[in-house]
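Asks: just the structure for this:
(one chain, ligands or ions: 1)
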Amino acid sequence: MKPARSFASDNNAGIHPEILQAIAAVNHGHAVGYGDDPYTASALRKFKQQFGQGAEVFFVFNGTAANCLGLKALTDSFHAVICTEAAHIYTDECGAPEKFTGCKLIPIPTTDGKLTLESVRHAYHGIGDQHHVQPKVISITQCTETGTVYEPKEVRDLARFAHEHKMFLHMDGARIANAAVGLGLSLRETTRELGVDVLSFGGTKNGAMGAEAVVFFNQKLAENFLYVRKQGMQLASKMRFISAQFEALFTNDLWRKNAEHSNRMAALLQKEVSKIPQVKIVYPVEANGVFVQIPRLAIAKLQKRYFFYVWSEEQSVVRWMCSFDTTEEDVKQFAKFVAETVRLC
Ligand SMILES: Cc1ncc(COP(=O)(O)O)c(C=O)c1O
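Replies: This next block holds a predicted model:
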């Protein structure tokens with residue numbers, strides 16, 4: 001029998017019961033569509049409590065849209081976006097950022113998922129040259145696609161460089177809650193206070209059914225975003241059901257509890273599989289993902305019982321993610337199965 005929960009992705013998990021309840025709770029009577037309802041007003045207030053006054057917030061359906069439309073608000077089509085070669089916007093969005101913005105993405109090699117100031121400096125050239133795209137945005141993912149977390153100073157330095165060079169700092173925060181918890185900081189301290197201009201705020205991987213937001217920390221940048229969102233086909237008519245999810249996430253710190261739990265499960269998974277000689281942890285475990293190198297032959301055998309993704313075929317590295325509903329028992333049983341399987345390979 002396959003176990004009920006696997007380690008493939010935090011969005012393979014279901015909806016947190018409190019969020020599902022919150023959706024049901026707003027499911028009565030009629031409410032004005034397109035965000036002009038009291039539930040949306042309340043959720044927006046909650047966002048402002050987290051991020052401070054002056055933050056402009058727009059709800060969208062998914063993370064790809066948050067990234068694409070957030071970048072669209074910052075750029076013209078002759079601009080370029082500097083990101084890592086592992087960035088979700090570069091590898092996993094089917095060219096949507098290029099399609100929506102018309103911009104070129106400049107992918108920078110990375111060893112741990114992070115952009116360094118040095119590499120950004122190197123990529124920043126051709127300014128004022130009519131033959132060359134003009135770098136306008138530095139986009140980073142927090143936490144990164146490899147489960148690492150930028151230190152505040154690293155983000156601050158990138159923001160300073162961006163602003164000194166008339167660029168913006170965009171943060172793909174599909175897992176921003178995990179990063180904030182990993183750093184022991186508030187959401188605001190993890191983003192706005194470090195100089196981030198636009199944040200793709202992720203709710204889905206943190207227990208929501210499907211709720212993401214584009215958060216601007218510079219009101220001027222948000223000026224036309226209502227229209228950008230509608231043209232981008234991300235204006236929800238029944239907005240109240242997205243809003244209810246954020247309301248629940250920001251009530252009693254549910255966002256934090258969920259992220260703390262999934263990070264703690266990843267730390268436990270790391271501890272358990274570190275005891276297995278054939279398993280090598282390849283990136284520091286700083287949020288809710290564990291990346292390991294395992295014997296090639298073990299991958300298919302493990303996947304027969306537990307579904308998960310291969311991160312690097314070539315290096316035999318796989319990705320194991322924990323979510324709000326992963327239990328200690330899940331982790332221990334999985335680690336036991338890994339130990340038994342790799343021993344036979
Ligand atoms: C780093 C990152 N950004 C953004 C997303 C958002 O993707 P989606 O459009 O599937 O919500 C994901 C989802 O896997 C992600 O891992």
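
Asks: need the residues of this structure near the ligand, please.
Replies: 62-64, 88, 141, 145, 172, 174, 204 (C-beta under 6 Å from any ligand atom). Yep, even glycine has a C-beta here, placed from its N, CA and C like the rest.

Asks: repeat the analysis, applying 5 Å as the threshold.
Replies: Proximity of the chain to the ligand is confined to 62-64, 88, 141, 172, 174 under the rule C-beta under 5 Å from any ligand atom.

Asks: of those residues, which pair is most distant in space?
Replies: Within the residues of the chain next to the ligand, two members stand farthest from each other by C-beta to C-beta: 62 and 141, at 15.4 Å.

Asks: settle it for me: which of those two has more neighbours?
Replies: Using other C-beta atoms under 10 Å as the criterion, residue 62 and residue 141 rank with residue 141 on top: 29 against 17.

Asks: that one contacts residue 171, doesn't it?
Replies: Yes - Residue 141 lies in contact with residue 171 (C-beta atoms under 8 Å); the separation is 7.4 Å.

Asks: run a quick neighbour tally on whichever residue of the stretch 151-300 of the chain sits closest to the ligand.
Replies: The nearest approach of the stretch 151-300 of the chain to the ligand comes at residue 174, 3.4 Å away (C-beta to the nearest ligand atom). Using other C-beta under 10 Å, residue 174 has 28 neighbouring residues.

Asks: again with the one 3 residues further on
Replies: Applying the criterion other C-beta under 10 Å, we find 31 residues in the vicinity of residue 177.

Asks: go on, residue 317?
Replies: Neighbour count of residue 317, defined by other C-beta under 10 Å: 18.

Asks: repeat that for the one 10 residues further on.
Replies: Residue 327 has 13 neighbours, counted by other C-beta under 10 Å.

Asks: ok, it - contacts?
Replies: 5, 265 (C-beta atoms under 8 Å, 6 or more residues apart in numbering).

Asks: just list the residues touching the closest residue to the ligand within the stretch 1-150 of the chain, thanks.
Replies: Proximity of the stretch 1-150 of the chain to the ligand (C-beta to the nearest ligand atom) peaks at residue 63, 2.2 Å away. Contacts for residue 63 (C-beta under 8 Å, 6+ apart) come out as 88, 172, 174, 200, 202, 204, 212.

Asks: all helices of the stretch 151-300 of the chain, in order?
Replies: Assigned by DSSP state H, counting those that start in this stretch, the helices in the stretch 151-300 of the chain fall at 152-164, 176-183, 187-190, 225-231, 240-249, 254-274, 296-305.

Asks: what's the nearest residue to residue 246 if we skip its chain neighbours?
Replies: Using C-beta to C-beta, 6 or more residues apart in numbering and skipping the chain neighbours, the partner closest in space to residue 246 is residue 43 (4.2 Å).

Asks: now for the helix or strand harbouring the one you found, which elements pack on it?
Replies: Secondary structure assignment for residue 43, by DSSP states H and E: helix 38-51. Contacts defined by 3 or more C-beta pairs under 8 Å, 6 or more residues apart in numbering; DSSP states H and E place helix 38-51 against strand 56-60, helix 187-190, strand 212-216, helix 240-249.

Asks: would you map the strands across the stretch 1-150 of the chain?
Replies: Counting by DSSP state E, counting those that start in this stretch, the segments of the stretch 1-150 of the chain that form strands are 56-60, 79-84, 104-108, 134-141.
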